[in-house]
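Peer 1: just the structure for this:
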Amino acid sequence: MGQKVADFAAVVTDKHGTILTQCAVLVAGVYDNSKDELFHCADAGELWNKRGLEKRRKNYGNMLDKGARMMATPEAVNRWLTQAQKTYKPYLTAYNLQFDVGKSRNTGIDLDQFSDRQFCLWHASVEKWARTKNYRQFVLDNHLFNAPTKHGNASYKTTAEVMAKFVLNQPEMPDEPHTALEDILDYEIPILVKLLKGYSVKKCMNANSVNWRSHQLKDAFIAR
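Peer 2: Now for the predicted structure:
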């Protein structure tokens, strides 16, 4: 896939998950790039391969038709973000925040304005739950394992969809659609609300980076 953002969303909530304002757009100059490289990748698996390109394009087209998305330039997105910062002074978070910040920067979307008030939701969630007995049992009960690498390393999953299923105790809920607004509303906000019930923002900001070596099956589970 490309190194820019085509589908952008941001939601401002309080710590209880009440939505104060939100933005969901397809980025002009990126989404409508005729080369389509942002929407497929030869080795990205079923979700993002070229065979699924028409289906993804149709899905976004339906969003535009129904008003679930609008087209906006990076400059317009930045104006919305700056106003949200002035009005609410929010903390910035996302599941794998650095990935999102980097791709946004490449697109001209300024998330760096939140640099002093941000934390990675993935890092904080993993630190709070991923090595607990309850989480490991949830992973085991629902077969939430990554495939072994070519070096024989095998780990258990700590993705947003798995973490959301865990905190909501809903193992049968569908996987993320990997569309920006819906991922935030249905997966990331529930994780955040649960996290902040027992974690301070300061602790979230000081969470350690995720290390896949800490989530190896051989270290987490013992044969009976």
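Peer 1: can you tell me the SS state at Phe119?
Peer 2: strand (DSSP: H, G, I helix; E, B strand; the rest coil).
Peer 1: wait, it touches Thr93, no?
Peer 2: Yes. Look at Phe119 against Thr93 with Cβ atoms under 8 Å: they come within range, at 5.4 Å. The C-beta positions use only the backbone N, C-alpha and C, and glycine is treated the same way.
Peer 1: need the residues touching each of the two.
Peer 2: Cys204 (Cβ atoms under 8 Å, 6 or more residues apart in numbering).
Peer 1: who touches the most centrally placed residue in the chain in this structure?
Peer 2: Centroid-nearest residue in the chain: Tyr95, 3.9 Å away (criterion: Cα atoms, centre = their mean). Shown in contact with Tyr95 (Cβ under 8 Å, 6+ apart): Cys120, Leu121, Trp122, Ser125, Thr159, Ala160, Met163, Asp183, Tyr187, Glu188, Ile191.
Peer 1: and the lowest-mean-pLDDT helix or strand in the chain, what's buried?
Peer 2: None of the helices or strands of the chain scores lower by mean pLDDT, DSSP states H and E than helix 217-220, at a mean of 87. Residues of helix 217-220 classed as buried: Leu217, Ala220 (neighbour count, 16 or more other Cβ atoms under 10 Å).
Peer 1: can you check stretch 54-72 too?
Peer 2: For stretch 54-72, by 16+ other Cβ under 10 Å, it's Arg56, Tyr60, Met63, Arg69, Ala72.
Peer 1: what count of nearby residues applies to Ala207?
Peer 2: Residues near Ala207, counting by other Cβ atoms under 10 Å, number 19.
Peer 1: distance of it relative to Lys157?
Peer 2: From Ala207 over to Lys157 the distance is 18 Å, taken as Cβ to Cβ, to the nearest Å.
Peer 1: do Asn134 as well
Peer 2: The gap separating Asn134 from Lys157 is 15 Å, by Cβ to Cβ.
Peer 1: the two: which is more packed in?
Peer 2: Lys157 (17 against 10).
Peer 1: who touches Pro148 in this structure?
Peer 2: Ala154.
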